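In: Compute the structure for the input listed below.
(chains A and B)
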Number of protein chains: 2
Amino acid sequence: MTKLVVIGGVAAGMSAASKARRTNQGMEIEVYTDEEYISYAGCGLPYFVAGMVQEERKLIARTKEQFVRQGIKVFTNHKVLSILPTEMQIIVVDSEGAEKKVNYDKLVIATGARAFVPPLPGKELDNVFTVKSIPSARRIKEQMQSEQVKNIVIVGGGYIGLEMAEAFAAWKKQITIVELAPQLLGNIDEDMAALVEEYLVKEGVQIRKGEKVLALEGQDQVRKVVTDKGEIPADLVILAIGIQPNSELAAEAGIQLGVKKAIKVNKYMETNIPNIYAAGDCATAYHLLYQDDAYIPLGTTANKQGKVAGENAAGGKAEFAGIVGTAIIKVLDLEIGRTGLSKREAQQLGREVQEIKVEAYTKAHFYPGSQAATIKLLIEKASQKIVGAQIVGGAGAGKRIDVLAVAVQLGLTPFALSELDLSYAPPFSPVWDPVLTVANVAVGELEKKA
Amino acid sequence: MTKLVVIGGVAAGMSAASKARRTNQGMEIEVYTDEEYISYAGCGLPYFVAGMVQEERKLIARTKEQFVRQGIKVFTNHKVLSILPTEMQIIVVDSEGAEKKVNYDKLVIATGARAFVPPLPGKELDNVFTVKSIPSARRIKEQMQSEQVKNIVIVGGGYIGLEMAEAFAAWKKQITIVELAPQLLGNIDEDMAALVEEYLVKEGVQIRKGEKVLALEGQDQVRKVVTDKGEIPADLVILAIGIQPNSELAAEAGIQLGVKKAIKVNKYMETNIPNIYAAGDCATAYHLLYQDDAYIPLGTTANKQGKVAGENAAGGKAEFAGIVGTAIIKVLDLEIGRTGLSKREAQQLGREVQEIKVEAYTKAHFYPGSQAATIKLLIEKASQKIVGAQIVGGAGAGKRIDVLAVAVQLGLTPFALSELDLSYAPPFSPVWDPVLTVANVAVGELEKKA
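Out: Residues are numbered from 1 along each chain as shown, chains lettered A, B, ... in the order given. Have a look, this model is predicted:
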């Protein structure tokens, strides 16, 4: 019987195992993970800390028992020490320290990613956390109940930093976000990020941009954050600087790494070594606009890639279509969506773009709860295609990025976008949906130039 | 100076006038309407009756004065008696009864539609209403304050009937919907309509399907509705049976009518008579899936067609891309979206379709407020393209129809749909958006058959 071994028990790993099972009933499937939990929603951790999700088990999408019933053996608290491609084996150590060799016919590496932690003096102090696992989230949440924990400093103003800001706001903490770059959310344009900053400041979050954290200080427990511009009192610090792939195990086995040291995969999720696949946050993803590999670890991509890896490992022939960099985030009541290239990305790729930005509303002007939304298209001058889009606005704004993601993925022009028969009723949209409004303005601008 | 005359002062008419002005600064533009109000949101009337929109003026998108500042003359309470194409004139009568002839070089007919009222005995009784104008909505709302008005019967279970049911529910009235057809919402499939019915019944609305209203009875004021199956007490009756185009004026002038007696237009919004355009609820719209004209009067289409008519009347050359029948409605907390062909429409067109239906959720499983949504694809067997889609579910379900509308309009297969890089974060979506989930299931089904 052919045997599939999966390393990693979260999004990509469990998607691979499940899809392999559905594809091939006769295959032996084993999953090894050094974590205690499998199939948990890493993206849900901020909401667990916020107290919106009360029980840890609610973050678990599917239990070990559910996988076992599918005929998938799951070994939690089992660390994989090495991959031996020639022998087609992995070496595993269990929680008691016992080592064993496990044979595989097909191997899927889905080791995920971890928070990047710079060599910062004081990073080992108490109450300094990254947000990556259920246990770390649990410890952060425990600290929330303490009245001694008043000042929280979040190092990094990306997705995780902002989502954690929302979580801490729920506990009425004093929040400071320190960001090295001159703007929050580096993957949207500066003017759009400024809207997010303006909102957060209004909500009482302190934002310090262009500021470098030099050290964390305190006795046992962190008490302050020292930066190149001053000191910030801190009873708890979140390091949300970035994410890096867990690719060392693969690299040691001679598997080729690609961009940002993620495991390089092709569209079949194959690595450079036969019978070894990789998927999810440890792997690269083909970016349809870069026309090259990218490293943009996200839950959706992990699930999709895992499914492709699982199907192929089980004898199928699936392809991962690639990404266009679509992402969405909510911070308090603000919604932020983005897709395709940002202005900066376009510049880096040498693709000249024109920006069209409009202010619109999420519902009919007379309908209660209609929220302002700023929406931007980036149109490539050469092709006149929409190569990027961003939205910042109130409730109902964010998910509108999906139609724009389709426009980017399919290479629509603003004219084609303006011709779409999108839905309208007062509780959902103005009669011209914001997406059509920005398309109309873009068409007008392009016609003026023509 | 060339002169554009527009007949009708709501969505299509005012869009035409505005676009003509933007296209051609030197044109003389006059708008004639027999109504008191212009540029009002007919779609907003149920929310005005509900009391969600307090002031009538909030329903007005733009005032007469705003148009005047654009150099557009607006003549309210001016009824157009006839169009004289040979003379290129219209005959108008003002509120004092004075008649005059008005010359035009270009004419846009945007006379809209009216509620269809069958020759029902008792239809002239007090408290029998249609929902079409601000004055009629005002009278309905006045009746809401009366405690004597307890039982309301809505004849017709289409969009307007259901939206009015929501309005009356806000006033805690006893509501009965009587529908002649065997299901509510004739333009979605029976199984999806059954979900809507189930919800409304749970919310306390009485639904009587397959029941024909024979007469309205009462002295002065309506007191009961007599059907082929019994009698229903009624202190107020809404006739929401259907919509018919105001096309008589055009027909009398020799302008050709098309489907459902709407004014037949081509993609330039031209009628069969030179220099005369039509747009909006009085006109046909090209349906990209019918590959033929349809009559589906909606605000979005009216605005788009008005814009095209205005641009062309002002010397431009715009085209209306056509519709795919996208629509959305909210009734209480239920959202209903549809696009493309329903099963019935597909059958009528002789196009064999396969149905794929899934139950999904609007947010991550652990995120508070995640709502169930049923989502259906109709896939044409011959082409394997998605030719229709429907969604019924809680908050956040409805607007997902937009991505599916794009899929239908661009002719995507379920496979192409499944490859889209849509946005995910727990407050917005499960990691597999419902749209991707139904696409994945469809791909699986198609592969099984292949």
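
In: all helices of the stretch 151-300 of chain A, in order?
Out: A:159-170, A:190-202, A:248-252, A:299-313 (DSSP state H, counting those that start in this stretch).

In: What average pLDDT does the longest one get?
Out: For helix A:299-313, the per-residue pLDDT values average out at 98.

In: Then stretch A:230-244?
Out: If you average the pLDDT over stretch A:230-244, you get 97.

In: before we move on, what about stretch A:148-163?
Out: Taken as a whole, stretch A:148-163 carries a mean pLDDT of 97.

In: Stretch A:10-25 now?
Out: Predicted confidence along stretch A:10-25 averages 96 (mean pLDDT).

In: Pull out the buried residues from it.
Out: Across stretch A:10-25, burial judged by 16 or more other CB atoms under 10 Å in any protein chain shown covers A:10-21, A:23-24. For the C-beta atoms, the positions are set from N, CA and C on the backbone; glycine is no exception.

In: can you check stretch A:412-419 too?
Out: Neighbour-count burial for stretch A:412-419 flags A:412, A:413, A:414, A:416, A:417, A:418, A:419 (criterion: 16+ other CB under 10 Å).

In: Which parts of the stretch 51-200 of chain A are strands?
Out: Under the criterion DSSP state E, counting those that start in this stretch, the stretch 51-200 of chain A contains strands at A:72-75, A:79-84, A:89-93, A:99-103, A:106-109, A:113-115, A:128-129, A:151-155, A:174-179.

In: Distance from the chain centre to the fifth one, please.
Out: Looking back up the chat, that one is strand A:106-109. 23 Å (CA atoms, centre = their mean, to the nearest Å).

In: returning to that earlier point: okay, the buried residues of stretch A:412-419 in JSON lines with distance to chain B next?
Out: Output for these, formatted as JSON lines (distance: CB to the nearest CB, whole Å):
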{"residue": "A:412", "distance to chain B": "8"}
{"residue": "A:413", "distance to chain B": "12"}
{"residue": "A:414", "distance to chain B": "13"}
{"residue": "A:416", "distance to chain B": "8"}
{"residue": "A:417", "distance to chain B": "9"}
{"residue": "A:418", "distance to chain B": "8"}
{"residue": "A:419", "distance to chain B": "4"}
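
In: end-to-end on stretch A:213-230?
Out: End-to-end distance for stretch A:213-230, by CA to CA, to the nearest Å: 9 Å.

In: Pull up the residues of the stretch 351-450 of chain A that are close to chain B.
Out: Residues of the stretch 351-450 of chain A lying close to chain B by CB under 8 Å from any CB of the partner chain are A:364-368, A:396, A:398-403, A:405-407, A:409-410, A:419-429, A:431-433, A:435.

In: Need the distance between the two termini of stretch A:428-438.
Out: Stretch A:428-438 has an end-to-end distance of 17 Å (CA to CA).

In: pLDDT (mean, whole number) over that stretch?
Out: Stretch A:428-438 comes out at a mean pLDDT of 97.

In: about what we covered before: output the buried residues of stretch A:412-419 as JSON lines; include the columns secondary structure.
Out: Shown next, in JSON lines, are these (DSSP: H, G, I helix; E, B strand; the rest coil):
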{"residue": "A:412", "secondary structure": "coil"}
{"residue": "A:413", "secondary structure": "coil"}
{"residue": "A:414", "secondary structure": "helix"}
{"residue": "A:416", "secondary structure": "helix"}
{"residue": "A:417", "secondary structure": "helix"}
{"residue": "A:418", "secondary structure": "helix"}
{"residue": "A:419", "secondary structure": "coil"}
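
In: Flag every residue of the stretch 51-200 of chain A that's near chain B.
Out: So the stretch 51-200 of chain A meets chain B at A:52, A:53, A:58, A:59, A:61 (CB under 8 Å from any CB).

In: ok, those residues vs residue A:306, which is closest?
Out: Nearest to residue A:306 out of those is residue A:61 (CB to CB; 12.5 Å).

In: Spatially nearest residue to that closest one, not counting backbone neighbours?
Out: Spatially, and ignoring its direct neighbours in sequence, residue A:61 is nearest to residue A:39 (4.8 Å; CB to CB, 6 or more residues apart in numbering or on different chains).

In: For that neighbour, give me its contacts.
Out: Contact analysis of residue A:39 by CB atoms under 8 Å, 6 or more residues apart in numbering or on different chains lists A:9, A:10, A:14, A:60, A:61, A:62, A:63, A:67.

In: Which two among the residues you listed are spaced furthest apart?
Out: A:10 and A:63 (13.5 Å).

In: which parts of stretch A:197-216 are buried?
Out: By 16+ other CB under 10 Å, the buried positions in stretch A:197-216 come out as A:197, A:199, A:200, A:205, A:207, A:208, A:211, A:213, A:216.

In: Pull the contacting residues for residue A:320.
Out: Residue A:320 touches A:267, A:268, A:269, A:285, A:286, A:304, A:305, A:308, counting by CB under 8 Å, 6+ apart.

In: try it again with 6 Å
Out: By CB atoms under 6 Å, 6 or more residues apart in numbering or on different chains, residue A:320 lies in contact with A:267, A:305, A:308.

In: and those as TSV, adding neighbour count and distance to chain B?
Out: Output for the contacts of residue A:320, formatted as TSV (neighbours: other CB atoms under 10 Å in any protein chain shown; distance: CB to the nearest CB, whole Å):
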residue	neighbour count	distance to chain B
A:267	15	11
A:305	30	12
A:308	27	11
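
In: possible to save the residues you listed as a markdown table with distance to residue B:75?
Out: Listed next are these as a markdown table, based on distance: CB to CB, whole Å:
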| residue | distance to residue B:75 |
| --- | --- |
| A:267 | 63 |
| A:305 | 63 |
| A:308 | 64 |
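
In: that older thread, out of the buried residues of stretch A:10-25, who's nearest chain B?
Out: Distances from those to chain B were compared by CB to the nearest CB; the smallest belongs to residue A:11, at 7.0 Å.

In: How many residues are close by the residue nearest to the closest one when sequence neighbours are not counted?
Out: Computed as CB to CB, 6+ apart, the closest residue to residue A:11 that is not its neighbour in sequence is residue A:302, at 3.8 Å. Residues within reach of residue A:302, counting by other CB atoms under 10 Å in any protein chain shown, total 29.

In: Residue A:302 contacts residue A:278, correct?
Out: No: Residue A:302 is beyond contact range of residue A:278, at 11.1 Å (criterion: CB atoms under 6 Å).

In: So for chain A, the centremost residue is which one?
Out: residue A:298 (3.3 Å; CA atoms, centre = their mean).

In: Relative to chain B, how far out is it?
Out: Going from residue A:298 to chain B by CB to the nearest CB, to the nearest Å gives 7 Å.

In: separation between that residue and residue A:264?
Out: Applying CB to CB, to the nearest Å, the value for residue A:298 to residue A:264 is 18 Å.

In: quick revisit: and which of the contacts of residue A:39 is nearest chain B?
Out: Closest to chain B, out of all of the contacts of residue A:39 and judged by CB to the nearest CB, is residue A:61, at 6.7 Å.

In: Tabulate the buried residues of stretch A:412-419 (TSV), appending pLDDT.
Out: Compiled in TSV, the buried residues of stretch A:412-419 are given as follows (pLDDT from 0 to 100):
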residue	pLDDT
A:412	98
A:413	98
A:414	98
A:416	98
A:417	98
A:418	97
A:419	97
